[in-house]
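1. generate coordinates for the sequence data below:
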Amino acid sequence: MKQAPKKSSAALCATLLAPLALAAASFAAQAQEVVKIGFTGPLSGGQAAYGVDNRDGLLLAVKELNAKGVQVAGKKVTFEVVAQDDGADPRQGVAVAQVLADAKVHYVVGPYNSGVAIPAGRVYNEAGMLMLTVASNPKVTQLGYPRLFRVGVNDAQVGIAMAAYAAKDMKAKNVAVIDDRTAYGQGLVAEFMAEAKRQGMNVVKQEFTTDKATDFTSILTSIRSAKPDAVFYGGYSSQAGPMLRQMVSLGINAKLLGGDGICTTETSRLSGNVADGNVLCTQAGVILGQADAGRAFAAKYKAAYNRDPLTYAVSFYDAAMLLADAMQKTGSTDPGKLSEFLAKGAYQGVAGEYSFTDKHDLKSSPVSVYGFKGGQPQAVASL
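-> From the prediction side, this is the model:
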């Protein structure tokens with residue numbers, strides 16, 4: 001009978017070490033923690049361009065964090081985005097919030113819309129989740145939820161800045177206002193009107209529409225008769241673009257003003273490319289092109305997605321980086337501990353410094369005024 005060939009010492013060593021290697025691999029897998037970050041925003045419907053822009057800003061940050069390798073209390077952390085489409089609809093937003101809560105996701109970046117953030121915030125709060133949102137209506141942080149933070153500007157800052165610019169720089173005397181009846185639009189118009197009156201301007205017409213409307217002929221005809229120097233719209237590009245096109249066709253010479261909701265290329269595209277010289281808008285944060293960090297972010301974003309970032313991609317990017325920074329500094333992924341840290345700490349992001357008031361609004365949020373040139377928002381002034 002032939003004897004089995006003797007194993008070489010190298011083969012024998014490999015045989016003995018194989019179980020150890022498997023055990024080490026198993027231990028390494030156990031030592032890694034997957035941190036799921038929920039995303040909620042309008043990935044479908046008229047505001048889908050914003051939702052996709054925001055989601056991709058978050059994904060860009062997560063890709064960078066995972067490539068760099070983040071450790072929390074000596075354990076490697078891998079980040080994963082769980083993206084949900086809330087359709088800019090309050091009911092859908094609440095349903096999405098429940099899905100994320102049931103999936104034991106502990107953090108959410110969003111919602112984008114105030115009308116979604118207010119009712120969905122209750123679900124996130126009851127689930128003990130940490131919520132970072134750019135929703136701008138003041139009521140969002142007035143809810144008093146301890147784990148809710150606003151990482152963008154609020155309506156008061158945006159509306160006040162636009163009214164002050166209209167009075168001081170445009171020398172406007174008479175203004176008309178329109179809101180889309182969303183929490184965002186109504187809040188923005190309320191702040192603009194209050195500051196306009198403080199600045200000595202007259203609000204000669206106040207009209208409203210919806211965030212689904214496409215025909216504004218009736219309200220614009222009414223506004224035309226009042227001969228305003230400017231028309232302030234509280235709403236989003238999906239309505240602002242067609243509204244501007246109809247203003248031009250009706251011979252209304254007033255400029256269209258608005259907040260961050262219309263500060264995008266979508267406004268120009270949907271207007272039939274007549275935004276140049278006809279639109280002014282305000283939005284939070286530094287002007288990306290005027291700071292090294294901003295230019296670097298814009299370049300990375302365009303390289304990744306072959307398009308320029310819109311209004312809040314940078315805020316969603318910063319939100320992920322803010323979370324990762326807090327985890328590393330606290331040595332914890334517990335949303336309660338992170339919330340306590342964020343409430344007292346400060347983080348320097350691309351869009352500015354993230355330090356919060358007692359209500360969890362940003363302590364300092366610069367606001368910039370934009371016009372349009374070649375269909376693109378172009379910085380006019382920082383206020």
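
2. nearest residue to the middle of this protein?
-> Per C-alpha atoms, centre = their mean, the C-alpha nearest to the average position across the chain is that of Tyr312, at 4.0 Å.

3. for it, grab phi and psi.
-> The phi/psi pair for Tyr312 (degrees, to the nearest 10) reads phi -110, psi 10.

4. now the helices for the stretch 1-150 of the chain?
-> If DSSP state H, counting those that start in this stretch is used as the criterion, the helices of the stretch 1-150 of the chain fall at 9-31, 48-68, 90-102, 114-126, 139-142.

5. and those, which one is worst for confidence?
-> Averaging pLDDT over each of the helices of the stretch 1-150 of the chain singles out helix 9-31 as the lowest, with a mean of 46.

6. tell me what Thr40 is bridged to.
-> Listed beta-bridge partners, Thr40: Gln84 (assigned using DSSP bridges).

7. which helix or strand in this protein has the lowest average pLDDT?
-> Sorting the helices and strands of the chain by mean pLDDT, DSSP states H and E puts helix 9-31 at the bottom, at a mean of 46.

8. centre of the chain to stretch 77-85, how far?
-> When C-alpha coordinates are averaged (C-alpha atoms, centre = their mean, to the nearest Å), stretch 77-85 and its chain have centres 16 Å apart.

9. can you point out the buried residues in it?
-> Val77, Phe79, Val81, Ala83, Gln84, Asp85 (16 or more other C-beta atoms under 10 Å). Just so you know, the C-beta spots here come from the backbone N, C-alpha and C atoms, and that holds for glycine as well.

10. go through these and name the one nearest Ser249.
-> Among these, Asp85 lies closest to Ser249 (C-beta to C-beta), at 33.8 Å.

11. how much space between that closest one and Val248?
-> Using C-beta to C-beta, to the nearest Å, one obtains 33 Å as the distance from Asp85 to Val248.

12. that older thread, hmm, the residue nearest to the centre of the chain is touching Ser136, no?
-> No: if you go by C-beta atoms under 8 Å, Tyr312 and Ser136 don't touch, sitting 10.0 Å apart.

13. what do the two both touch?
-> Common neighbours of Tyr312 and Ser136, counting by C-beta atoms under 8 Å, 6 or more residues apart in numbering, are Gly152, Asp260.

14. mind checking pLDDT for Ala351?
-> 88.

15. any idea whether it is helix, strand or coil?
-> coil (DSSP: H, G, I helix; E, B strand; the rest coil).

16. count the residues that sit near Val35.
-> Counted with other C-beta atoms under 10 Å, the burial measure for Val35 works out to 19 neighbours.

17. re earlier: okay if I get the buried residues of stretch 77-85 as CSV plus distance to Val108 and pLDDT?
-> Converted to CSV, the buried residues of stretch 77-85 look like this (distance: C-beta to C-beta, whole Å; pLDDT from 0 to 100):
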residue, distance to Val108, pLDDT
Val77, 17, 96
Phe79, 13, 98
Val81, 11, 98
Ala83, 11, 98
Gln84, 9, 98
Asp85, 14, 98
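
18. in JSON lines, list these along with distance to Gly41.
-> Compiled in JSON lines, these are given as follows (distance: C-beta to C-beta, whole Å):
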{"residue": "Val77", "distance to Gly41": "24"}
{"residue": "Phe79", "distance to Gly41": "18"}
{"residue": "Val81", "distance to Gly41": "12"}
{"residue": "Ala83", "distance to Gly41": "8"}
{"residue": "Gln84", "distance to Gly41": "8"}
{"residue": "Asp85", "distance to Gly41": "7"}
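
19. pull the most distant pair out of those.
-> In these, the most distant members under the criterion C-beta to C-beta are Val77 and Asp85, with 26.3 Å between them.

20. partner strands of the helix or strand hosting Thr282, with direction?
-> Thr282 belongs to strand 279-284 when assigned by DSSP states H and E. Strand 279-284 has these partner strands in its sheet, going by DSSP bridges: strand 255-258 (parallel), strand 367-373 (antiparallel).
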